[in-house]
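Undergrad: Got a predicted structure here, sequence first:
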Amino acid sequence: MSGERDFNTISPSAGALLMMKALTDIPFARDTAAMVGDLEAFMQSAREKRSRVLLGRVIHFENRYKTIDLALADINPQNILELSSGFSCRGLYMVLHKKVTYIDTDLPEFISNKNNLVNRLIQEKDLHALQGKLYIEPLNAMDEEQFDKVAGLLPAGPVTIVNEGLLVYLDTAEKRQLCATIHRLLKERGGYWVTGDVYIKRDMSRLLDHPQEAFDEHLTQFLKEHRIEENKFENYEEAEAFFTSCHFAIRRRIDIDYSSLSSLGLISRTVAESEVREWMQGRETWVLEPI
């Protein structure tokens, strides 16, 4: 990959994602959204518009988050390194309830704000009785030297790498570079890679009752600028072949955690699992292990 690429243009999307997560019961999402933006205005707008597109996105992002949680519960890791975490407070929640070491990372220009946010949460909600250890560290995941330095903060033992919303910003060469870095670490120390970013190309127009171009103008422009659709896999077979070529095997695939989706309550009618499963067919969470 070219060292000149500026990944900081991705960071503004974290705020929009946080607002959508605030409509769910994801831990600390509503608290952090109120700290970084006008949550009341966003929620009022969401209630007035009752947008099927917005609801689809909210359900999608909640499901992505919770399928990763499901994978982590299965692995029960002690050492976790999350890449490009944005405003997610998964690390804080885990160290509150488990004796784990969790490294929460994002780009240097973003992570200082995240650190202030987490410290404010700890103070305002009196969350000082942490069971585990939380680090909040600057990291460009594409910088191998920086990656190794941050990973070195973890105690001895297997490591679990976590990411959501990262791979869709990387082209094939960049994905391969990141895969090589993660593979080397996991071969040295043992562990797994939990990625919520196994996206395939899929036209959502029919499911959302809107043509693709009718989506939010700013979001549409953002997706085009970052070539999100182009960076997705053609299908799951291609995704599996890609990770196999990068020396990973699939340990588990999770497409939906239906029972945990609080955002389904935003819809006025009961939505069958089969229908939600159809909505979610364009993305899966995979647990990968090095081979």
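TA: Ah, there it is.

Undergrad: Any idea how far apart the tips of stretch 77-88 sit?
TA: This stretch, stretch 77-88, spans 18 Å end to end (Cα to Cα, to the nearest Å).

Undergrad: Distance from the chain centre to that stretch, please.
TA: Taking Cα atoms, centre = their mean, to the nearest Å, the mean C-alpha location of stretch 77-88 is offset from the chain mean by 9 Å.

Undergrad: got it, and stretch 37-44?
TA: 22 Å.

Undergrad: Then stretch 18-32?
TA: Relative to the centre of its chain, stretch 18-32 is centred 13 Å away, using Cα atoms, centre = their mean.

Undergrad: contact partners of the helix or strand hosting residue 119?
TA: Element membership for residue 119, per DSSP states H and E: helix 108-124. The set of residues external to helix 108-124 that reach it, using Cβ atoms under 8 Å, 6 or more residues apart in numbering, is 8, 11, 14, 28, 31-32, 35-36, 85-87, 89, 92, 104-106, 127-128, 134, 136-140. Quick note: C-beta positions are derived from backbone N, CA and C, even for glycine.

Undergrad: now for the helix or strand following that helix, which elements pack on it?
TA: Next in sequence after helix 108-124, counting helices and strands by DSSP H and E, comes strand 133-138. Strand 133-138 is packed against helix 90-97, strand 101-106, helix 108-124, with contacts defined by 3 or more Cβ pairs under 8 Å, 6 or more residues apart in numbering; DSSP states H and E.

Undergrad: Parallel or antiparallel, list what pairs with the shortest one.
TA: In other words, strand 101-106. Its sheet considered, strand 101-106 pairs with strand 79-83 (parallel), strand 133-138 (parallel) by DSSP bridges.

Undergrad: Show the average pLDDT along stretch 19-39.
TA: When pLDDT is averaged along stretch 19-39, the result is 91.

Undergrad: Mark which of the contacts of helix 108-124 are buried, thanks.
TA: Neighbour-count burial (16 or more other Cβ atoms under 10 Å) applied to the contacts of helix 108-124 gives 11, 14, 28, 31-32, 35-36, 85-87, 89, 92, 104-106, 134, 136-140.

Undergrad: coming back round to it: can you state the direction angle for the helix holding residue 119 and strand 101-106?
TA: 130 degrees (axes from the mean of the first three to the mean of the last three Cα atoms, to 10 degrees).

Undergrad: Of all the residues in helix 108-124, which ones are buried?
TA: Neighbour counts using 16+ other Cβ under 10 Å place 110-111, 114-115, 117-118, 121 of helix 108-124 among the buried residues.

Undergrad: Stretch 248-265 now?
TA: By neighbour count with 16+ other Cβ under 10 Å, stretch 248-265 contains the buried residues 248, 250, 252, 254-258, 260-261, 263-264.

Undergrad: Could you identify the pair within those that is furthest apart?
TA: 248 and 264 (32.4 Å; Cβ to Cβ).
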